[in-house]
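[1] Next one to model:
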Amino acid sequence: MIIVNAPLKRDFIRALLDGKTIENVTFTFVKQDNMKLYFSVEGDLKAAVKIAKNTIKQSEFGSVLFFNVEEHVG
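    The predicted model follows:
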């Protein structure tokens with residue numbers, strides 16, 4: 001599972017990743033807890049963090065969004 005911490009555009013980020021398979025990693029939205037968006041991933045977890053980060057950065061709002069992506073074990 002990964003967590004995307006973002007104070008703004010959480011709906012945009014959710015739509016950008018949820019249900020998508022990018023570079024053989026599939027993201028599924030699980031829940032939102034304040035600024036944290038939880039996604040389960042099918043595929044390599046470390047790769048999923050990098051892919052999510054790059055996908056958000058390359059989006060139309062990515063260059064101006066403050067966010068981080070981290071692994072969530074548990």
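
[2] thought Phe12 was touching Gly62?
    No - between Phe12 and Gly62 there is no contact under CB atoms under 8 Å: 9.7 Å. Heads up, the C-betas are built off the backbone N, CA and C, glycines and all.

[3] Next secondary structure element downstream of the longest helix belonging to the chain?
    Counting by DSSP state H, the longest helix found in the chain is helix 45-57. Note on helix 45-57: by DSSP states H and E, the next helix or strand toward the C-terminus is strand 68-71.

[4] Buried ones in the helix or strand where Thr26 lies, by neighbour count?
    Per DSSP H and E: Thr26 is located in strand 25-33. Using 16 or more other CB atoms under 10 Å as the test for burial, strand 25-33 gives Val25, Phe27, Phe29.

[5] what about Phe66, neighbour count?
    For Phe66, the count of nearby residues is 9 (other CB atoms under 10 Å).

[6] for the residue nearest to it when sequence neighbours are not counted, helix, strand, or coil?
    Excluding the flanking residues, the one nearest Phe66 by CB to CB, 6 or more residues apart in numbering is Pro7, at 6.5 Å. Three-state assignment for Pro7 (DSSP: H, G, I helix; E, B strand; the rest coil): coil.
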